[in-house]
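[1] Sequence and predicted structure below; questions after.
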Amino acid sequence: MSSSYFKIIGKNPLHGTIVPQGNKNEALPLLGALLLWEGDVILENLPEIADVQKLMDVLRHIGVEITSLDTKGSYLFQKKNPVKSDLPYELCSQLRGAVTLAGPILARTGRVFLPKPGGDKIGRRRMDTHLLALEALGAKIEVFPDGYMITADRLFGKDILLDEASVTATENAVMAAVFAEGTTIIRNAASEPHVQGLCRFLQAAGAKIDGIGTNHLTITGVTSLSSPEGGLKHRIGSDYLEVGSFISLAAVTGGEIHITDVNLEDIRMIRMVYSRLGIEVRPTETGILVPSDQKMEIIPDYHGATPKIDDAPWPGFPADMTSVALVTATQCKGTVLIHEKLFESRLFFVDNIIAMGAQIILCDPHRAIVIGANRLYGQRVASPDIRAGMAMIIAALCAEGQSEIHNIVQIDRGFESIDTRLRSLGAQIERIPS
């Protein structure tokens, strides 16, 4: 699988209806959270992607029995044996999402060795916010070349100010604080939809969490969590980042796509940013419609100033959408500044898009000026990370001629059967074994 590549022939408008997958960024912390209690848990709408499968392999290693149910994406999780503290190094070192196991395992067992997490090659992804939050709750941290030993005889509630609004650090702190004695306040907490989903999941098992959806969470510690009679069932929300990608695909190919199962609240900022690129999205009874008659013209700021698309913590524009927004802008008339503030290597993929014919000036690792609209041409490229991989697919599908996208193991980490699903919309995309 890892040596396969996508062969794509562009300039075919995409048409049809598509359902977004379950939210990857909600699924991963939920898999950690279910370790906090003994009862059975059914998770529905789990995306069938490599990162989720790897994390489920980690859960099996530490004592969780997992059964696939009849409905696609539904699994039963049972903890018939005590949860182990030692995580498998080989699996966790490949998977950034494994970091969210630290909080729940520490809360349950009092110790966990967390291997240095892997994931996308988009720049340094610091662990400090996670470790400082756990330390504030009473944990002792020992740093080793290959990971972190985290121990705590008892955890105590604390008023914590996170030094950055990190999604996964917020999730780790919440899961550890559920069993901490007293009250924990988490300030500057992340509040993305997947953080909200995790908190509601924990609430359903008896956790006491106030302030969900804000950057000020209050957790009152409890001594145990339990599933309702018959087990706890939770459906993972739709992946709004994938919804944003499908909007782009429809617009740049000149097609018309109906996207169902969309939470409009989750995509308010995405829709706002797309509207500044001249892309309209219409709500429907079952989701949204991206019509074919798009203006595709960048709206300048007042006095004709060059507009800017920059990422920010929720409810700002998601950092994971900047790669897609950049490629989309190449197909829109006008000039826009893309400012990716979070990761110093995320924009380095633009060399591939420039090679396809885009007019992009990479000002520094965080800023790029896009001058559109450009005619793109097929090229042989390689994906450095999940989001750049989707951006390259979008570029290839609106380019003239044939493209090859290599290193698609990165794309498979985050997008479920993306080639099959895009073919259902008329895309000429084929997975070629190497």
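    Ah, there it is.
[2] tally of neighbours for the closest residue to residue 178 other than its chain neighbours?
    Nearest residue to residue 178 in three dimensions, chain neighbours excluded: residue 207, at 4.8 Å (CB to CB, 6 or more residues apart in numbering). C-beta: built from backbone N, CA, C; applies to glycine. Neighbourhood size, residue 207 [other CB atoms under 10 Å]: 24.
[3] how close does residue 207 get to residue 244?
    As judged by CB to CB, to the nearest Å, residue 207 and residue 244 stand 30 Å apart.
[4] now swap in residue 86 and tell me
    38 Å.
[5] quick one: which of the two has more around it?
    Neighbours were counted for residue 86 and for residue 244 using other CB under 10 Å; residue 244 has more, 28 against 13.
[6] For the more buried one, list the residues it contacts.
    Contact analysis of residue 244 by CB atoms under 8 Å, 6 or more residues apart in numbering lists 267, 270, 274, 318, 321, 324.
[7] Need the buried ones from these selected in ChimeraX.
    Buried subset of the contacts of residue 244, written as a ChimeraX selection, criterion 16 or more other CB atoms under 10 Å:
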select :267,270,274,318,321,324
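[8] List just the nearest of the contacts of residue 244 to residue 105.
    Ranked by distance to residue 105 (CB to CB), these are led by residue 318 at 28.2 Å.
[9] Would you check that the closest one makes contact with residue 239?
    No: between residue 318 and residue 239 there is no contact, the gap being 11.0 Å when judged by CB atoms under 8 Å.
[10] Pull up the gap between residue 27 and residue 100, please.
    Noted for residue 27: a distance of 10 Å to residue 100, by CB to CB.
[11] And for residue 300?
    41 Å.
[12] the helices in the chain, which residues?
    In the chain, the segments counted as helices under DSSP state H are 24-33, 50-61, 89-92, 102-109, 128-136, 167-177, 193-204, 240-253, 268-276, 322-329, 350-355, 386-398, 409-414, 418-423.
[13] and these, which one is worst for confidence?
    Among the helices of the chain, helix 89-92 has the lowest mean pLDDT, at a mean of 80.
[14] Just list what that one packs against, helices and strands only.
    helix 50-61, strand 111-115 (3 or more CB pairs under 8 Å, 6 or more residues apart in numbering; DSSP states H and E).
[15] and that helix, C-alpha only, in PDB?
    Taking C-alpha atoms only, helix 89-92 is exported to PDB below (Å, rounded to 0.1, in the frame of the first residue of the first chain):
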ATOM      1  CA  TYR A  89       7.000   1.900  20.700                       C
ATOM      2  CA  GLU A  90       7.000   0.900  17.000                       C
ATOM      3  CA  LEU A  91       3.300   1.800  16.500                       C
ATOM      4  CA  CYS A  92       3.200   5.000  18.600                       C
END
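[16] When residue 300 and residue 100 are compared, which one has more neighbours?
    residue 100 (26 against 14).
[17] Am I right that that one is in contact with residue 26?
    No: with contacts counted by CB under 8 Å, residue 100 stays clear of residue 26, the gap being 10.8 Å.
[18] okay, now the domains of the protein?
    With domains defined by the TED database, the chain comprises 4-20+239-433, 24-235.
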